[in-house]
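Student: predicted model and sequence follow; I will ask about them next.
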There are 2 protein chains.
Amino acid sequence: MATRQSQGVTAPQGFQASGIHCGIKKPGIPDLALLVSDVSGPIAGVFTKNQVVAAPVILDRQHLAKHTGRAIIVNSGNANACTGKPGMAAAQTMARLVADRLDIPRHEVFVSSTGVIGRRLPIDKIKAGLPDLFARLSTRGGPQAAKAILTTDLRPKEHAVQGRIGGRVVTVGGMAKGSGMIHPNMATMLGYVTTDAAIAPAALQQALEAAVNQSFNCISVDGDTSTNDTVLCLANGLAGNRPIAAGTRAYQQFVSLLTTVCQTLALSICRDGEGVTKVVKIAVEQAASPAAARQVAQTIATSNLVKTALFGEDANWGRVMGAIGRAGVPIEQSAISVYFDKVLMVRRGMGVGLAAERRIAQVFKKKEFTIRVRLGQGTAAAHMWTTDLSYDYVRINASYRS
Amino acid sequence: MATRQSQGVTAPQGFQASGIHCGIKKPGIPDLALLVSDVSGPIAGVFTKNQVVAAPVILDRQHLAKHTGRAIIVNSGNANACTGKPGMAAAQTMARLVADRLDIPRHEVFVSSTGVIGRRLPIDKIKAGLPDLFARLSTRGGPQAAKAILTTDLRPKEHAVQGRIGGRVVTVGGMAKGSGMIHPNMATMLGYVTTDAAIAPAALQQALEAAVNQSFNCISVDGDTSTNDTVLCLANGLAGNRPIAAGTRAYQQFVSLLTTVCQTLALSICRDGEGVTKVVKIAVEQAASPAAARQVAQTIATSNLVKTALFGEDANWGRVMGAIGRAGVPIEQSAISVYFDKVLMVRRGMGVGLAAERRIAQVFKKKEFTIRVRLGQGTAAAHMWTTDLSYDYVRINASYRS
């Protein structure tokens, strides 16, 4: 499987992209991105579970009912959320302007916005930027688009992989934006995946949900999403493979490619976030059910006390035990083991001693490591990636809008 | 109602207390406290809901089954949690040593520990300190005890109030410890309340639970407690009032006194915590049920994005809307109003404009203010107090054990 890392969403055949500055952000900072496929194709989407949703999410959900897409337009610098009917009208206008230029139905255009909540979207600036945005569309435009969707991110996030499915080379590419910060749930997370695979719409939706569950949802918290979170996957079929149906071997191969792209993007969000000095995998095993495993993993992953201990490289394993105990699932304290990488620190619910503490103190100095919790109750497992909570996290979020 | 603020747990008749350094913490820092009533009396307790519980909490729950108490011993610097059978034996020894000196049954002695999790309790140091601890017992010893139960707190927390119940003056006094930090749920929260009221044991337990629900539980998160959280209330009856029974006017008067003491202590934990620059009340109104109101209030109160915005004095009201939307209770976005103190910022789910934003920016500069959310769904209400998330929060928790 070859990796074509630099091209992101334009790595698969028949996709063009561009990114420009249209005036929403400060001068010179890209704030408008466009992605267009040469032909229409099936599109799948996964959206925020937040009940307060931004106008573009409402619009995309409506458009997704037709299961066909060709273009995606994204602005940064303004979330178009909590903006009421004027906000909805602005999102519709964004879609209409792109549809008119491409001469396609409006429901084939998808819209995202990310940035400050509650400010009216400057639709006139977006409209004025469209000629330039279309003029710059290019099969090498992935990186420009990837830059234009960012907010507080330090680096653009792109990835692409290839594989053979049914004798044809299929490419899956993607770009993502996670607001510079620790959890995508804490600010808008956007992800766009393109592929030239031919695939049935229902199979594409199923495949995207499977991939997202093993990637973006492992660095987020269920139900703990922003008003704008969106992942879209557009498949234009130009690879010429026999259309992939759910449940086949080709489908499994496709899910594997899609998951690889989504996991790489998700971990990029963790690693590349400003304020992040560590990325730690929380692996929970021997749980009574997958839901219980996930609940324990999430509680550890979102504990401010655990996250500040990671930042301080303080091997304070008691905070992990405290998080396990308050996760809200029945546990048996005396059955719990906890490893930091391969070092056993807690056995039968008790610390094994100061020698182990000295060893895990070394593990805490690594930039990436694993906290493995064995609940001793069953066979279910789940994992999450978390990051530390640093001074820079506070700095960035205390002055996001200044 | 007179306030005898300086005397804390020794304000009511017939209570003595002391606090000393026995060697668990660094030299000179008090780490062992004792509270003794002249006579035995009913005792009530509320404990952590965490399933990982420290040895002293297990012991206190056993002792509480007899509903009678006379002494409470507390060490700081070591939580005696995740310490297995040796930890349980150490907690039992602490109780036995105090019971032997007072020549009372062991179940009349209650034990608390707070500090680092997973280290063996140095029971020999505690034993060696007991003669001095008993020698210093005094009816003016409340402040010494209040200092000895602290960990990262900056200031001791004490309060006492008096009222007339059934023609007699009844005093309620208390001391608390909340680990310097933002939420009692994030580290051990300990509270001890004394009273000379005569009251039936069941009524005392009921009264304590009512008072805690309006105080300590409003700055904490249900089920999100540490391994050691404990609130105990000991009533020695020396005020000579007719014993208070549940459901009477005298009971309501007593609950009111108890709630005042607990709320003052709870707010002291918020205000006096290092790293805290603001204390903000989250009031949720017009909810469909009390549980829904509480859930929304908690979600706002625990949002890191809201808390960093408070620290940065960034009037980012969109983060409040985002928290409401992910609280996990059904809401109607277009029915929501949000006020910052008296300034209406969100009406029918929409921001009302930049003029209001400029006004709430002034509110964000205050040290204490109220965020009022009206859900427009019913008549239920709930409130919580929260604090900001500051650089100092990260600093203190990143290096707690160093």
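Tutor: Arrived safely.

Student: strands along the stretch 151-300 of chain A, start to end?
Tutor: A:157-165, A:168-178, A:189-195, A:230-235, A:279-287 (DSSP state E, counting those that start in this stretch).

Student: how about the CA coordinates for the first one, as CSV?
Tutor: Once side chains and other backbone atoms are set aside, the C-alpha atoms of strand A:157-165 remain, and they are given as CSV (Å, rounded to 0.1, in the frame of the first residue of the first chain):
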residue,chain,number,x,y,z
LYS,A,157,-3.7,17.6,8.6
GLU,A,158,-3.7,15.4,5.5
HIS,A,159,-3.3,11.8,4.7
ALA,A,160,-3.9,9.5,1.7
VAL,A,161,-3.5,5.7,1.1
GLN,A,162,-3.9,3.3,-1.8
GLY,A,163,-4.9,-0.3,-2.1
ARG,A,164,-6.0,-2.8,-4.7
ILE,A,165,-9.7,-3.6,-4.5
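
Student: and it, what does it pack onto?
Tutor: Under the contact criterion of 3 or more CB pairs under 8 Å, 6 or more residues apart in numbering or on different chains; DSSP states H and E, strand A:157-165 touches helix A:142-148, strand A:168-178, helix A:249-272. Using the backbone N, CA and C atoms, a C-beta is placed for each residue, glycine as well.

Student: how about the fourth one?
Tutor: Identification of packing neighbours for strand A:230-235 by 3+ CB pairs under 8 Å, 6+ apart yields strand A:32-47, helix A:55-64, strand A:68-78, strand A:109-116, strand A:189-195, helix A:201-213.

Student: what about the helix or strand bottoming out on mean pLDDT in chain A and chain B, touching?
Tutor: For chain A, using mean pLDDT, DSSP states H and E, the weakest element among its helices and strands is helix A:391-398, scoring a mean of 73. Yes: for helix A:391-398 and chain B, the contact criterion (CB under 8 Å from any CB of the partner chain) is met by A:391, A:393, A:394, A:395, A:397, A:398.

Student: now a ChimeraX select for only the buried ones of those residues.
Tutor: To isolate the buried members of the residues of helix A:391-398 next to chain B in ChimeraX, using 16 or more other CB atoms under 10 Å in any protein chain shown:
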select /A:391,393,394,395,397,398
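
Student: would a markdown table of the residues of helix A:391-398 next to chain B with distance to residue B:367 be doable?
Tutor: What follows is these, written out as a markdown table (distance: CB to CB, whole Å):
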| residue | distance to residue B:367 |
| --- | --- |
| A:391 | 22 |
| A:393 | 23 |
| A:394 | 18 |
| A:395 | 21 |
| A:397 | 20 |
| A:398 | 16 |
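
Student: which of the residues of helix A:391-398 next to chain B sit farthest apart?
Tutor: Pairwise distances across the residues of helix A:391-398 next to chain B peak at 11.2 Å for A:391 and A:397 (criterion: CB to CB).

Student: now list whatever residues contact both of the two.
Tutor: Common neighbours of residue A:391 and residue A:397, counting by CB atoms under 8 Å, 6 or more residues apart in numbering or on different chains, are absent.

Student: state the number of residues packed around residue A:135.
Tutor: With neighbours defined by other CB atoms under 10 Å in any protein chain shown, the count for residue A:135 comes to 10.

Student: so who does it touch?
Tutor: residue A:18 are the contacts of residue A:135 under CB under 8 Å, 6+ apart.

Student: for the one 4 residues further on, same thing?
Tutor: The neighbourhood of residue A:139, defined by CB under 8 Å, 6+ apart, consists of A:10, A:15, A:16.

Student: ok, residue A:374 next?
Tutor: Contact analysis of residue A:374 by CB under 8 Å, 6+ apart lists A:285, A:286, A:336, A:337, A:338, A:339.

Student: quick one, domains of chain A?
Tutor: A:5-272, A:279-398 (automatic domain parsing).

Student: pull up the distance across the last one, start to finish.
Tutor: The stretch domain A:279-398 measures 22 Å between its terminal residues, going by CA to CA, to the nearest Å.

Student: next up, phi/psi of residue A:366, please.
Tutor: When quoted as degrees, to the nearest 10, the phi and psi of residue A:366 stand at phi -70, psi 150.

Student: correct me, but residue A:49 touches residue B:322?
Tutor: No: contact criterion CB atoms under 8 Å: residue A:49 and residue B:322 do not qualify, at 12.0 Å.

Student: and those two? which has more neighbours close in?
Tutor: residue B:322 (33 against 17).

Student: may I ask which helix or strand encompasses the more buried one?
Tutor: Per DSSP states H and E, residue B:322 falls inside helix B:318-325.

Student: so what touches that helix?
Tutor: When contacts are defined by CB under 8 Å, 6+ apart, helix B:318-325 is touched by residues A:50-53, A:79, A:81-82, A:116-118, A:226-227, B:296, B:299-300, B:303, B:305-306, B:309, B:331, B:333, B:336, B:338, B:346, B:349, B:351, B:371, B:373, B:375.

Student: quick one: which of the contacts of residue A:374 is nearest chain B?
Tutor: Using CB to the nearest CB, residue A:336 comes nearest to chain B of the contacts of residue A:374, at 8.1 Å.

Student: no further questions, thank you.
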